[in-house]
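Enquirer: Structure for this input, please:
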Amino acid sequence: MSKNPLKKQAEAIIPTNWGNFNLIAFARHPDDKIPHLAIVHESFNAQREPTVVRIHSECMTGDVFHSHRCDCGEQLDYAMRLAAEKGGVVVYLRQEGRGIGLINKLKAYNLQDKGFNTLEANLHLGFGADERHYEDAIKILQDLGIQKVALMTNNPLKVNYLEKAGIQVVERVPVLIAPKEENVFYLKTKQTEMGHLLNL
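Expert: Below you'll find the model as predicted:
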C-alpha cells in the first residue's frame, strides 16, 4: 500500500435528485483514477451532531445498472435521500465486490448460479468472506470533522470499526430494502452467515 496519506484532492457541487451535494474526491495521489468519495449534502454542519452517515462500498452492478442480484443500489438511493433530509454524508468507498474487484465478483456470480452462496463463492475463489476495510472511511470522516454519527447500516462490523477508531455511533439506522426473488437467498446468507441485521 502507498505510504502517501489519503487526502482531499478535488471537490465540486453536484445537483442530484435529492438536492445539491459537495462531491469530494479523496486519494493518495492527485492522478488516482478511482478515488474514494465523500458525498456531502450542502446543509451539512459538523457542529450539528450526530451526523447521519452511510459508508457505502462500491457496487457497480447494483449502483449503476440496478441489478436485482443485490440491494446495494436501493441502499445507496435510501442513503442519499436521508442524507439530503438530515444534512448528512455518504462515504463511497471504491472496494467493489466486498473488496475482490469487479472481475472476481462476476466470477463469484457464476459460482452462485451453480449453487454457491455469496460467502462460499468468495472462499472458493481464494478470498476471505469480506475483504473490505474501513480505515479510509474513518480518515474521511475525521477530515470532515465528524465525531458522532447516526450510522446507516445493517452491518454491525461497521459500528465496531468506527467505535474502535474513536468515532461515536450514537444510533444505528437500519437500511432495510424489501427483498426480490433474485436476491432473497443472497440477503438471507448475509443475515445468517455474516451477521447482517435484516429481519428476514
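Enquirer: can you pull out the strands in the protein?
Expert: Across the chain, reading from the start of the chain, the strands by DSSP state E fall at 7-16, 19-27, 36-41, 51-57, 89-93, 148-152, 168-173.
Enquirer: so of those strands, which one's packed in deepest?
Expert: Per residue and on average, the most neighbours among those fall to strand 51-57, with a mean of 25 (mean count of other C-beta atoms under 10 Å). C-beta: built from backbone N, CA, C; applies to glycine.
Enquirer: what's that one in contact with?
Expert: Contacts with strand 51-57, where a contact means C-beta atoms under 8 Å, 6 or more residues apart in numbering, come from 44, 72, 75-76, 79, 82-83, 86-93, 95-96, 98-99, 132, 134, 137, 141, 146, 148-153, 158, 173, 175.
Enquirer: Sheet-wise, list the partners of it with their directions.
Expert: Looking at strand 51-57 with DSSP bridges, its paired strands and their directions are strand 89-93 (parallel), strand 148-152 (parallel).
Enquirer: Low-confidence bits of this protein, can you list those?
Expert: Applying pLDDT under 70 to the predicted model, the residue ranges of the chain that meet it are 1-2.
Enquirer: In it, which residue sits furthest out from the middle?
Expert: The outermost residue of the chain, judged by C-alpha distance from the chain's mean C-alpha position using C-alpha atoms, centre = their mean, is K114 at 27.3 Å.
Enquirer: and that one, backbone torsions?
Expert: Note on K114: its backbone torsions stand at phi -100, psi 0 [degrees, to the nearest 10].
Enquirer: how close does it sit to A121?
Expert: With the distance defined as C-beta to C-beta, to the nearest Å, K114 ends up 9 Å from A121.
Enquirer: sorry, back to before: just put the strands paired with strand 51-57 in a markdown table and tack on distance to F65.
Expert: Supplementary listing: these in a markdown table, determined by distance: least, C-beta to C-beta, whole Å:
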| stretch | distance to F65 |
| --- | --- |
| strand 89-93 | 16 |
| strand 148-152 | 22 |
